[in-house]
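>>> kindly generate the corresponding structure for this input.
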Amino acid sequence: MLNRTIRATLSITLSLISLIALPTVSQAAKGYRYWGYFQAQAGATAWTAAMTGPSVEVKAGDVEGWAFVFSNNDIPAVSPMMEPDFASLCEGTPETSGKIRVGLVVDFGAANIAPMGETPKEFFSDCVVVPQGSVGLDVLKAAMEVRAGDSGLICGIAGYPAEECGAEIDAPATEQAVTTSAPAEEDSANRSMPLLLAALGAMIVVGLIFNRRRSR
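Below you'll find the predicted structure:
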């Protein structure tokens, strides 16, 4: 009788431990990978996400930015890794009559959002000289091969990605290197374990006392 009680107590307690200690698996979030478009007007030191497509006229001193990004409702699109520094980009490029100088930055994104079988190309930056009255798309086309969808969405730059256009994908996993503490579920389980073991001991003691009283 004593052994059966202890075995039952162990079984119940271990079941409780497994229910509390095991982390829950959440469904992967979805989002889109695509070419994000950013702008910096002459004199600006930070990128601004463009509210329109590359159909707005650019001015001398502007910097155009493109970045292959992932975003969803919780994760915003990341701007190009290089700041929009027109002076550095166009240093050494002479002014030309009837034309304007515009900086261009193209960031091909991180490897963890690359389409299967493809590798992001090297980061690109340059000073582009285009006729006055040019729009953002003219600047991009002056330096890179561009593939656009029927809706006008920029699908590929310099052949990347090769075929897709604004594909829906699972959110990329967070890099382990940026994790500075254990996940909340794991912390909770670690804190709960001593309490559960103490409860196990208490339940066994209660079982022993109960059986001794019954045997008298």
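
>>> ok, now how distant is the nearest residue to S71 once chain neighbours are set aside from L137?
Spatial nearest neighbour of S71, chain neighbours left out: A77 (4.2 Å); criterion: CB to CB, 6 or more residues apart in numbering. C-betas here are computed from N, CA, C, even on glycine. Note on A77: its distance to L137, by CB to CB, to the nearest Å, is 19 Å.

>>> same question, P80
17 Å.

>>> compare those two (neighbour count), which wins?
Taking other CB atoms under 10 Å, P80 and L137 do not tie; P80 has more neighbours (25 against 19).

>>> give me the phi and psi for that one.
phi -50, psi 150 (degrees, to the nearest 10).

>>> could you give the average pLDDT over the longest strand along the chain?
If you go by DSSP state E, the chain has its longest strand at strand 30-40. On average, the pLDDT along strand 30-40 is 97.

>>> strand partners of that strand, parallel vs antiparallel please.
If you go by DSSP bridges, strand 30-40 pairs up with strand 48-49 (antiparallel), strand 63-71 (antiparallel), strand 167-170 (antiparallel).

>>> looking at the ones you listed, which is buried most?
Among the strands paired with strand 30-40, strand 63-71 has the highest mean neighbour count (mean count of other CB atoms under 10 Å), at a mean of 24.

>>> show me what the residue lying closest to S55 once chain neighbours are set aside is bridged to.
In this structure, S55 finds its nearest non-sequential neighbour in V135, 5.2 Å apart by CB to CB, 6+ apart. Using DSSP bridges, the bridge partners assigned to V135 are E57.

>>> gap between the two ends of stretch 118-125?
End-to-end span of stretch 118-125 (CA to CA, to the nearest Å): 21 Å.

>>> list the buried residues for that stretch?
Judged by neighbour count (16 or more other CB atoms under 10 Å), stretch 118-125 contains these buried residues: P120, K121, F124, S125.

>>> for G103, state which of those residues is nearest.
S125 (7.4 Å; CB to CB).

>>> now the closest one: phi and psi?
The phi and psi values for S125, taken as degrees, to the nearest 10, are phi -150, psi 140.

>>> just list whatever residues bridge to it.
Going by DSSP bridges, S125 forms beta bridges with V105.

>>> hmm, M82 and it touching each other?
Yes - using CB atoms under 8 Å, S125 makes contact with M82 at a distance of 5.9 Å.

>>> between these two, which contacts overlap?
Residues touching both S125 and M82 (CB atoms under 8 Å, 6 or more residues apart in numbering): V105.

>>> tell me the secondary structure for the residue nearest to S71?
With DSSP: H, G, I helix; E, B strand; the rest coil as the basis, A77 sits in coil.

>>> count the residues that sit near it.
The burial count for A77: 19, using other CB under 10 Å.

>>> what sits against it?
A77 touches G36, A49, A67, V69, F70, S71, counting by CB under 8 Å, 6+ apart.

>>> show me the contact partners of stretch 130-146.
With CB under 8 Å, 6+ apart as the test, stretch 130-146 has contacts from 37, 39, 50, 53-58, 64, 66, 98-100, 102, 104, 106, 124, 126, 128-129, 154, 156-159.

>>> sounds good, over and out.
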